[in-house]
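> just coords:
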């Protein structure tokens, strides 16, 4: 029998993830502070809840997909939170992007009441959340992971237990370094090509099959050329992730000079009012420096 699933956090990522759970035959109870998001999913077959406690009372497994660690902590351990409705053996899967320290602390607090806690952040952004092919990196108990893996498989295609609590969120930090620095490298290359006067679309077609080619390149260059910065991965969310990267790196005495510089670029974009745009808008920072617009269109 399929387990009953609760889901808290119905934003850009959470809503399509719930849709995939429903599509795959799961009974899903949902909660979000945005009642309109709840109402929409109820019309598609989800059950509504008015609190995290109510979600937990109706669920064997509770998934959280929230912006920051403080939101996860409030949803799980706050008043009328998940823990108030959990029973011994309930599994909480936090799919948010938080710091490894936060994941370990929450897992320890949950264990005190006989509740399992997995950190299971994702990669792939809104497109892969929609088509159910997210990469999911998990930290926590191996037996619990195997038990809930079919639920994760309803939302993702590459699902790996990386290690104990905190290992999933650590893997996500590494992922965010690679993704965002890749976007920055692509941005520098496009701005150079544009300033040199070559056709950036033709350049992209010429190099995408070589060693420079990447999933990031294929996802972001068309957006940049079309000047489409509708968020799949918001600037402010990625800035939060890179802040977690740098805080963790400092604790471990790991210098990350490129990540540090990119974090400052994110702060610059936020100061320029671009915090709600997709992180492909990193290119706009470089465009401003070079006084050029990739593709020749106005910003």
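That came in fine, so what should we check first? Computed from a predicted model, the values in this text were never measured in an experiment. Numbers count the residues shown, from 1 in each chain.
> could you say what helices and strands whichever helix or strand residue 136 is part of packs with?
Here residue 136, judged by DSSP states H and E, is contained in strand 134-139. With contacts defined as 3 or more C-beta pairs under 8 Å, 6 or more residues apart in numbering; DSSP states H and E, strand 134-139 has these neighbours: strand 116-119, strand 122-123, helix 142-153, strand 156-163, helix 167-196. Quick note: C-beta positions are derived from backbone N, CA and C, even for glycine.
> how distant is that strand from the center of its chain?
10 Å (C-alpha atoms, centre = their mean, to the nearest Å).
> and if you look at stretch 195-208?
That offset, for stretch 195-208, works out to 30 Å (C-alpha atoms, centre = their mean).
> ok, stretch 169-185 next?
The mean C-alpha position of stretch 169-185 is separated from the chain mean by 11 Å, C-alpha atoms, centre = their mean.
> quick one: contacts of it?
For stretch 169-185, the external contacting residues (C-beta atoms under 8 Å, 6 or more residues apart in numbering) are 97-100, 102-103, 119, 121-123, 135, 137, 139, 162, 214, 216-217, 220, 233, 238, 241-242, 244-245, 248, 256, 258-259, 262, 265, 279-280, 282-283.
> can you list the low-confidence ranges for this structure?
1, 296-299 (pLDDT under 70).
> quick one: the strands in it?
Counting by DSSP state E, the chain has strands at residues 5-8, 28-31, 47-48, 61-64, 91-94, 116-119, 122-123, 134-139, 156-163.
> isn't residue 9 right up against residue 62?
No - with contact defined as C-beta atoms under 8 Å, residue 9 does not reach residue 62; the gap is 10.8 Å.
> more neighbours: which of those two?
residue 62 (29 against 26; other C-beta atoms under 10 Å).
> thinking the more buried one is in contact with residue 90, fair?
Yes - counting by C-beta under 8 Å, residue 62 touches residue 90, with 6.7 Å between them.
> what's the overlap in contacts for these two?
Shared contacts of residue 62 and residue 90, defined by C-beta under 8 Å, 6+ apart, are found at residue 56.
> figure out which of the strands of the chain is closest to residue 270.
Among the strands of the chain, strand 122-123 comes nearest to residue 270, with 22.2 Å by C-beta to C-beta.
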